[in-house]
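> no sequence on this one, just coordinates:
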């Protein structure tokens with residue numbers, strides 16, 4: 001399964017044309033840069049701090065996200081690669097994390113200020129990440145897990161882009 005996932009990552013990341021205003025990634029350009037985040041695990045009330053960095057790669061055909069927890073005893077670190085599948089008209093993401101996880105997600109893109117990543121069918125329980133644009137260049141990220149047929153928030157982050165007035 002991991003080999004298949006890694007091969008999928010390599011296939012969807014190949015490309016060599018710079019992102020332009022007509023490119024599917026034009027709605028993602030405001031994500032680039034360094035973000036500082038503070039959040040909570042609603043079930044326990046435990047807080048979490050992290051940094052996130054978005055950068056374009058592969059001449060604008062991929063968006064790379066580095067996510068690093070910075071809370072005391074921080075153990076979660078992840079690398080995400082986002083690409084666009086023109087044939088199927090959707091975005092794909094591969095997430096590799098410090099716990100050995102390799103998860104695949106897809107999205108239809110930004111709709112009404114929201115970007116929802118849904119896990120591949122083989123991921124059990126189902127998961128999704130929802131990115132919500134907020135005023136003053138803020139960003140909220142909710143990670144949800146399916147429990148008994150409903151999605152519940154596992155953690156939520158409020159993020160601000162470094163170097164902007166909040």
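Sure, I can see it. Computed from a predicted structure; not experimentally measured.

> tell me the secondary structure at the residue nearest to residue 151 when sequence neighbours are not counted.
Distance criterion CB to CB, 6 or more residues apart in numbering; nearest residue to residue 151, sequence neighbours excluded, is residue 144 at 4.1 Å. For every residue, glycine as well, the C-beta is placed using N, CA and C. Put simply, residue 144 is strand when judged by DSSP: H, G, I helix; E, B strand; the rest coil.

> what about residue 144, neighbour count?
By other CB atoms under 10 Å, the residues close to residue 144 number 21.

> that one reaches residue 155, doesn't it?
No: counting by CB atoms under 8 Å, residue 144 sits too far from residue 155 to count as a contact (9.2 Å).

> using the three-state scheme, assign residue 25.
Following three-state DSSP, we place residue 25 in the helix state.

> in contact with it, which residues?
Counting by CB atoms under 8 Å, 6 or more residues apart in numbering, residue 25 makes contact with 19, 56, 60-61, 63, 84.

> same question, residue 36
Counting by CB under 8 Å, 6+ apart, residue 36 touches 49, 51, 159-160, 162.

> for it, name its beta-bridge partners.
Taking DSSP bridges as the rule, residue 36 bridges to residue 51, residue 160.

> try residue 147
In this structure, residue 147 bridges to residue 150 when assessed by DSSP bridges.

> can you give me the pLDDT of the residue nearest to residue 151?
According to the prediction, residue 144 has pLDDT 97.

> which stretches of this protein form strands?
Secondary structure of the chain (DSSP state E): strands located at 33-40, 47-57, 62-69, 77-85, 90-97, 102-107, 110-111, 114-119, 127-134, 138-147, 150-161.
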